[in-house]
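Participant: Just a sequence and a predicted model for now, questions to come.
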Amino acid sequence: MLEKALSGSKRYWIWVTLLLAVIAVGVLAYMNQFNNGLGVTGMSRDVSWGLYIAQFTFLVGVAASAVMLVLPYYLHDFKKFGKMVILGEFLAIPAVIMCILFIFVDLGQPMRIMNVILHPSPRSVMFYDMIVLCGYLAINLIVGWTTLGAERKGAPSPKWVRPIIYLSIPWAISIHTVTAFLYAGLPGRHLWLSAIMAARFLASAFAAGPAILLILCFIVQKVSKFNPDPEGGAFQSLVKIIRYAMIANVFFYILEVFTAFYSNIPEYSAALRYTLFGLNGYNSLVPIMWVAVVLAFLGIALLVFPSTRLNKVTLIIGLLSIIIANWIDKGMVLIVAGFVPNSFERVVEYVPTLNEILVTLGVYSIGMLLITILYKIAISVREEKAS
Amino acid sequence: MSINRRQFLRRAGMITALGLGSSFVISGFGKKAIAEAAGFEKASNDLPAKRWAMVVDMSKFKTEADYNRVIEACHSLHNVPNFPDTKNEIKWIWEEDYHHAFAGGFNEYLDDHVLHSPFMVLCNHCENPPCVKACPTQATFQRPDGIVAMDFHRCIGCRFCMGACPFGARSFNFKDPRPFIEEVSTEYPTRTMGVVEKCNFCYERLAEGLMPACVEKSNGGLIFGDLDDPNSEVRKIVSTKFTIRRKPELGTQPSVYYLVGGGEHA
Amino acid sequence: MYKGGKIFASLIIFAALFTIPFFYNMGKANAGPDVALNTPAIQQLPASDQQCVESPEFMRANHMQLLNQWREEAVRNGQTVYINSQGKEFDISLQDTCLKCHATESASNPVVLNNPVNTAGVSNPAINDSPQFCASCHDYSAVKPLCWTCHFEPKEAVK
């Protein structure tokens, strides 16, 4: 089916060429980092994780969100999602690949990455993270390719795919829980040392991921003859899921704020204070945090009221608001603020460098190229079946 | 015999997999060759211990010279580079004031003397080290004598240990350190860019029967010994005098104790 | 055969490109590595001591495996003495045991000792060169060992 991605309209090829150009720039920026060390990034002795790990954290959530289509369709027979499930799986694959790439570009000695497999460390959460990410990639590749291939031939999917599909449901939950455990088990970082981390991660994932998927579906409708929602109602069902997940996410955040500020233990509230109000005069994250807060409530409001969620333009604004709010909160703010203040109660701020941003854009372009290719394949198969 | 493309590819794939797999197996069995009757043992001067620990006697740290001497001893022996900007800073032992070293619970009426004392801060070589738990390759590991050591050959530079350490004891080589080493010492290798490093309780000196470099140069300010040995000086101090440790509530059981008391130790 | 002409032509071009390294070097003499097994430092030792850690045949085949074993034992298990297959003891040290005998003067790098602080921070390959003994074989076989980004040659040579 790969040959489907090799033929397309002029628009398609212009888009692919543009992505390849950005990827090339990203590769050059990465070579600079590889040769000169991670000092070319904005990371420091105190803020030792930055833009790369922030993107990894956000994208694991996007990858996990495929379960929000698989679960209703396969477990609860929600037929309306039938045409969209493949798009969910084909979003999860590039998301996981981007996660792995972001980890790779973040390593100081990437050539030694096989050491994680050669020297298994069962007490390390990162060991399990590697296992679940690679497993999830394999599951989605197998399931997506097999079901699409079967559909293309007009045959039902082979029976052995079913158990793997059922496995993908708890596995999707696990990838994001394990990622949350990376943070939630560290004794010295009080912003992260909270039981609600995994719950927050899942809620924000199930808001941002399906929102991205929905936007992609609108793009698919625009550029092709394929309609992921032929009977109508699938999109609005997904909007329902996004809405409640985002409400849960904001609610969990408020719970965190209450515990931190009401208990008034300085260590527990210092990081939140830094992001919301600034700490000791350092406040570079404050405007960014409040943009996320405003966008979060705006997104929820636009998705709650029928007049705005049934109107395509306001719906898209609402979805974008939710995506950006989650990206800011879970990506940049959560990771960077975890290191503020540092173990000596000092504030060291973090700003990504141009080199770092270019590498990030390069990895995102790789992901978008993969989405483009996989979606082109899925759409072409569907269009071929329809004619 | 007519064969279609799919069958051809399937058979070619299986034969390749069989060939590759068996070649690994065969070469695996062949590769025994490390010398027979070879063995390893500890050096004759090696200092054995069950739990190395350090007591920082704050009464001996008064002037800048006191603590600079100690820092210089460590950093020059171990080729710790000196970066001009704090962003890429690497430090194995350094000084902090009381409120920053013992973060949590700001005491505005703190005794002036303690407030301005220069506390020596370094890796605590915890008994329950969160960094060792976090490391995905066991590049940082706990030795049987309690020292939390770094295997720079295995570190992939993921910096998870830096996030896990509650004491901010670890530094990362953001750049190649060699151009930034002021005076190269050939006693100990340098590190390469992209690995994490920290104080190692001078285990290479302990293997030769010597005390850690900082202890040697501290004029009695740093006392080093085996907590498990009831006759060691550290054990005697820790069990009879009042000492404090950094962030004890986290349960990591640090092995660096600070003797701060007033009275005869002021 | 469908498009047989194009297929055969492409195969021939591919085979030609693939075998370029062989044709390019055909007929050229390439001396093997000249490994200095008899350096002045070795000659100074008494005859009974001149044997390396293990026999030359063994070292030729297994020196990297031995170094890996040494690394495991010395760094991770604290065992810093190696007892070879003849029962002789050696201190485990790349710099002080291996290179004590096998260093040659041409490999010493005064750059290492006299290095002013370089604020550009760019890696200087001259500092990370392999000593001549190692480089003579490793350059020939184009296998770059990464030891020298961290480890040093012995003090005498560096002085």
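Facilitator: Perfect, I can see it now. Residues are numbered from 1 along each chain as shown, chains lettered A, B, ... in the order given.

Participant: for chain B, longest helix please?
Facilitator: In chain B, with assignment by DSSP state H, the single longest helix is helix B:5-30.

Participant: Quick check: phi and psi on the residue in the stretch 151-266 of chain B that chain A sits nearest to?
Facilitator: Nearest to chain A, among the residues of the stretch 151-266 of chain B, is B:Gly157, at 2.0 Å (CB to the nearest CB). For the C-beta atoms, the positions are set from N, CA and C on the backbone; glycine is no exception. Backbone torsions of B:Gly157, given as degrees, to the nearest 10, read phi 70, psi 30.

Participant: Run through chain B and note the low-pLDDT ranges.
Facilitator: Where chain B drops to pLDDT under 70, the residues are B:1, B:28-37, B:261-266.

Participant: So stretch C:140-149, near chain A or not?
Facilitator: No - Stretch C:140-149 lies out of reach of chain A by CB under 8 Å from any CB of the partner chain, never closer than 8.9 Å.

Participant: Which positions in that stretch come out as buried?
Facilitator: Under the neighbour-count criterion of 16 or more other CB atoms under 10 Å in any protein chain shown, stretch C:140-149 has C:147-149 buried.

Participant: which among the residues you listed gets closest to A:Ile316?
Facilitator: C:Thr149 (51.6 Å; CB to CB).

Participant: Could you list the low-pLDDT ranges of the chain?
Facilitator: I'll assume chain A. Judged by pLDDT under 70, no stretch of chain A qualifies at all.

Participant: You answered for a different chain; I wanted chain C.
Facilitator: The model of chain C has pLDDT under 70 over residues C:36, C:40-41, C:103-130, C:154-159.

Participant: Setting aside sequence neighbours, what's the nearest residue to A:Ser263?
Facilitator: Spatial nearest neighbour of A:Ser263, excluding adjacent residues (CB to CB, 6 or more residues apart in numbering or on different chains): A:Ser269 at 7.7 Å.

Participant: for C:Gln79, that is, sorry about that
Facilitator: Leaving aside its chain neighbours, C:Gln79 sits nearest to B:Phe40 (3.9 Å; criterion: CB to CB, 6+ apart).

Participant: Let me know the helix or strand that the residue nearest to the spatial centre of chain C is in.
Facilitator: The centre of chain C sits closest to C:Cys134, judged by CA atoms, centre = their mean, with a distance of 3.2 Å. Assigned by DSSP states H and E, C:Cys134 belongs to helix C:132-141.

Participant: what residues are up against B:Met54?
Facilitator: With contacts defined as CB atoms under 8 Å, 6 or more residues apart in numbering or on different chains, B:Met54 is in contact with B:122, B:201, B:212, B:215, B:222-224, B:234, B:255-257.

Participant: With respect to chain C, which of these is nearest?
Facilitator: Looking across the contacts of B:Met54 and measuring by CB to the nearest CB, the closest to chain C is B:Phe201, at 11.9 Å.

Participant: would you say the closest one is within a strand?
Facilitator: No - judged by DSSP: H, G, I helix; E, B strand; the rest coil, B:Phe201 forms no part of a strand; its state is coil.

Participant: quick one: contacts for it?
Facilitator: B:52, B:54, B:123, B:125, B:147, B:212.

Participant: Name the residues linked to the first one by a beta bridge.
Facilitator: Beta bridges link B:Trp52 to B:Asp226 when assigned by DSSP bridges.

Participant: re earlier: just checking, what packs against the helix holding C:Cys134?
Facilitator: With contacts taken as 3 or more CB pairs under 8 Å, 6 or more residues apart in numbering or on different chains; DSSP states H and E, helix C:132-141 sits against helix C:99-102.

Participant: pretty sure the residue nearest to C:Gln79 is touching C:Arg71, no?
Facilitator: No - using CB atoms under 8 Å, B:Phe40 makes no contact with C:Arg71, being 11.5 Å away.

Participant: gap between the residue in the stretch 51-200 of chain A that chain C sits nearest to and B:Thr243?
Facilitator: Residue of the stretch 51-200 of chain A nearest chain C, by CB to the nearest CB: A:Met111 (8.9 Å). Per CB to CB, to the nearest Å, A:Met111 is found 44 Å from B:Thr243.

Participant: These two: which is more packed in?
Facilitator: Neighbour count, other CB atoms under 10 Å in any protein chain shown: between A:Met111 and B:Thr243, B:Thr243 has more, with 19 against 11.

Participant: for chain A, longest helix please?
Facilitator: Under DSSP H, chain A gives helix A:354-386 as its longest helix.

Participant: Can you confirm whether it lies near chain C?
Facilitator: No - on the criterion CB under 8 Å from any CB, helix A:354-386 is out of touch with chain C, staying 14.1 Å away.

Participant: Can you name every helix or strand that that helix contacts?
Facilitator: helix A:10-36, helix A:51-64, helix A:85-106, helix A:125-152, helix A:197-223.

Participant: what do you get if the cut-off is 6 Å, keeping everything else the same?
Facilitator: In terms of contact count using 3 or more CB pairs under 6 Å, 6 or more residues apart in numbering or on different chains; DSSP states H and E, helix A:354-386 is assigned the packing partners helix A:10-36, helix A:85-106.

Participant: For those, give me CSV that also has distance to chain B and mean neighbour count.
Facilitator: Formatted as CSV, these follow (distance: least, CB to the nearest CB, whole Å; neighbours: other CB atoms under 10 Å in any protein chain shown):
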stretch, distance to chain B, mean neighbour count
helix A:10-36, 7, 15
helix A:85-106, 7, 24
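
Participant: With distance to A:Val250 as extra columns, can I get those in CSV?
Facilitator: Shown next, in CSV, are those (distance: least, CB to CB, whole Å):
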stretch, distance to A:Val250
helix A:10-36, 33
helix A:85-106, 23
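
Participant: All the helices of the stretch 1-150 of chain B, residue numbers only.
Facilitator: With helices called from DSSP state H, counting those that start in this stretch, the stretch 1-150 of chain B shows them at B:5-30, B:64-77, B:98-101, B:112-115, B:130-134.

Participant: ok now the third one, how far from the chain's centre?
Facilitator: Taking CA atoms, centre = their mean, to the nearest Å, one finds helix B:98-101 lying 21 Å from the centre of the chain it belongs to.

Participant: what's in contact with stretch B:152-166?
Facilitator: If you take CB atoms under 6 Å, 6 or more residues apart in numbering or on different chains as the criterion, stretch B:152-166 is touched by A:48, A:107-109, A:112-113, A:115, A:126, A:186-188, A:343, B:130-131, B:134-135, B:137, B:139-140, B:170, B:172, B:191, B:194-196, B:247, B:250.

Participant: ok, 7 Å please
Facilitator: Contacts with stretch B:152-166, where a contact means CB atoms under 7 Å, 6 or more residues apart in numbering or on different chains, come from A:48-49, A:107-109, A:112-113, A:115-116, A:119, A:126, A:186-189, A:343, B:130-131, B:134-137, B:139-140, B:170, B:172, B:191, B:194-196, B:247, B:250, B:252, C:71, C:150.

Participant: From these, which land in strands?
Facilitator: B:140, B:172, B:196 (DSSP state E).

Participant: quick one: buried residues of the longest helix of chain A?
Facilitator: Neighbour-count burial for helix A:354-386, counted by 16+ other CB under 10 Å, picks out A:355-356, A:358-360, A:362-382.

Participant: now swap in stretch A:267-277 and tell me
Facilitator: In stretch A:267-277, counting by 16+ other CB under 10 Å, buried: A:267-276.

Participant: which outside residues touch that stretch?
Facilitator: A:190-191, A:257, A:260-261, A:279, A:282, A:285-286, A:289, A:333, A:337-338, A:340-341, A:347, B:104.

Participant: What subset of these is buried?
Facilitator: Counted by 16+ other CB under 10 Å, the contacts of stretch A:267-277 give A:190-191, A:260, A:279, A:285, A:289, A:333, A:337-338, A:340-341, A:347 as buried.

Participant: quick one: which of those is nearest to chain B?
Facilitator: A:Gly338 (7.5 Å).

Participant: mind listing what that closest one touches?
Facilitator: Counting by CB under 7 Å, 6+ apart, A:Gly338 makes contact with A:183, A:189, A:191-192, A:271.
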